[in-house]
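Visitor: What follows is a predicted protein model with its sequence.
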Amino acid sequence: MPELPEVEALVRLLRPQLCGQQIRAVHVRHAIVLRPQTARQFRTRVLGRRIAAVTRRGKYLLLRLAPQDAGWMALHFRLSGAIFWFADHRLRGHVDVAWELERGTLAYADPRHLGRVHWLEHPEQSAGIRTLGVEPLTRAFTVARLQALLRRSRRPLKPFLMEQTQIAGLGNIYAAEALWHAGLHPKRRASSLKGVQVRRLHKAIVEVLRRGIECCLKPEPDLSNPEWTMPGIEAMLAVYQRQGRDCPRCGRRIRRIRQGHRSTFYCPGCQH
Ligand SMILES: [Zn+2]
């Protein structure tokens with residue numbers, strides 16, 4: 001499931017390929033991913049436009065269209081959505097929507113059809129984007145800001161970190177890893193953190209996300225392969241999906257628990 005680092009890595013890989021190119025054709029194979037928009041509405045909005053910018057907000061990949069006022073496309077991947085880049089105009093594998101550009105084809109696919117592709121006048125038009133919290137890799141994400149968010153929350157740390165309206169972009173992987181780096185228990189109440197712990201958590205969030213982006217890009221995924229993955233992330237994981245293995249810091253066994261319908265991974269020896 002793509003979180004901030006995966007989407008940011010895609011932005012960096014796709015930007016040089018897509019920017020400036022005109023959308024020559026739009027193929028909609030499964031219109032369900034466009035809902036509530038129809039294939040016809042979507043096609044009318046994007047056909048003939050140019051891709052002016054490739055950016056990200058939270059876990060959303062955003063494509064700004066040109067000319068001015070041509071709007072945006074917002075792509076959200078949910079659990080199993082993915083994007084592909086083919087250097088020609090031949091589609092491979094399961095594809096829901098494809099954009100034929102001058103020098104290649106961009107494609108979006110989600111076998112479970114939970115992800116979405118929308119045309120928007122402006123990103124803020126989407127409630128999911130409008131309500132996103134602070135971007136953790138910007139200057140706006142300060143220790144004081146994190147402290148204020150933590151104080152106001154009544155939730156345990158792990159679900160707090162995954163709440164997109166608080167901090168945008170963290171999901172199951174990076175929330176678990178950040179808590180391990182900060183030495184904090186996932187069930188601990190967000191509002192109970194002391195100053196030094198807030199600073200530790202802040203540093204851990206930023207470092208885990210930065211390192212995540214690097215690992216997503218090394219080795220670089222081949223976006224033309226319908227089965228592409230980002231195997232580099234494995235190298236940085238301390239607790240995520242490592243239940244039963246030894247903690248790299250204290251040697252105790254990593255545990256897996258259920259927390260709010262999701263799996264949480266942590267070390268009982270060094271996370272308090
Ligand atoms: Zn440990």
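Guide: Sure thing, it's come through. Keep in mind it's a predicted model, so treat the numbers as computed, not measured.

Visitor: which residues does the residue in the stretch 51-200 of the chain positioned nearest to the ion contact?
Guide: Of all residues in the stretch 51-200 of the chain, residue 180 sits closest to the ion, at 7.6 Å by CB to the ion. From N, CA and C alone the C-beta is placed, and that goes for glycine too. Under the criterion of CB atoms under 8 Å, 6 or more residues apart in numbering, the neighbours of residue 180 are 238, 239, 249, 266, 267, 270, 271.

Visitor: so the last one, which of the three states?
Guide: For residue 271, the reduced secondary structure class is coil; criterion used: DSSP: H, G, I helix; E, B strand; the rest coil.

Visitor: all strands in the chain, in order from the N-terminus.
Guide: 23-28, 50-57, 60-66, 72-76, 82-86, 97-101, 104-109, 116-120, 255-259, 262-266 (DSSP state E).

Visitor: In CSV: those, plus distance to residue 234.
Guide: Output for the strands of the chain, formatted as CSV (distance: least, CB to CB, whole Å):
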stretch, distance to residue 234
strand 23-28, 34
strand 50-57, 23
strand 60-66, 23
strand 72-76, 25
strand 82-86, 18
strand 97-101, 30
strand 104-109, 23
strand 116-120, 28
strand 255-259, 17
strand 262-266, 14
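
Visitor: Of all the ones you listed, which one is nearest residue 222?
Guide: Comparison of these against residue 222 by CB to CB identifies strand 82-86 as nearest, at 9.2 Å.

Visitor: what's the neighbour count on residue 17?
Guide: 16 (other CB atoms under 10 Å).

Visitor: Identify the residue spatially nearest to it, adjacent ones excluded.
Guide: residue 85 (5.8 Å; CB to CB, 6 or more residues apart in numbering).

Visitor: Likewise for residue 53?
Guide: residue 64 (4.0 Å).

Visitor: who's in contact with that neighbour?
Guide: Counted by CB under 8 Å, 6+ apart, residue 64 has contacts 51, 52, 53, 54, 55, 72.

Visitor: What subset of the residues you listed is buried?
Guide: By neighbour count, with 16 or more other CB atoms under 10 Å, these hold 51, 52, 54, 72 as buried.

Visitor: Now do the same contact list for the last one.
Guide: Going by CB under 8 Å, 6+ apart, residue 72 touches 62, 63, 64, 65, 119, 120, 121, 122, 123.

Visitor: Show me which residues of the stretch 151-272 of the chain sit near the ion.
Guide: Proximity of the stretch 151-272 of the chain to the ion is confined to 247, 249, 250, 252, 267, 269, 270 under the rule CB under 5 Å from the ion.

Visitor: I'd like to know which of the contacts of residue 72 are buried.
Guide: By neighbour count, with 16+ other CB under 10 Å, those hold 62, 63, 64, 65, 119, 120, 123 as buried.

Visitor: Could you report the pLDDT at the last one?
Guide: Confidence at residue 123, expressed as pLDDT, is 97.

Visitor: which residue sits closest to it, ignoring its sequence neighbours?
Guide: residue 129 (4.7 Å).

Visitor: give me the number of residues near the one you found?
Guide: Counted with other CB under 10 Å, residue 129 comes out at 21.
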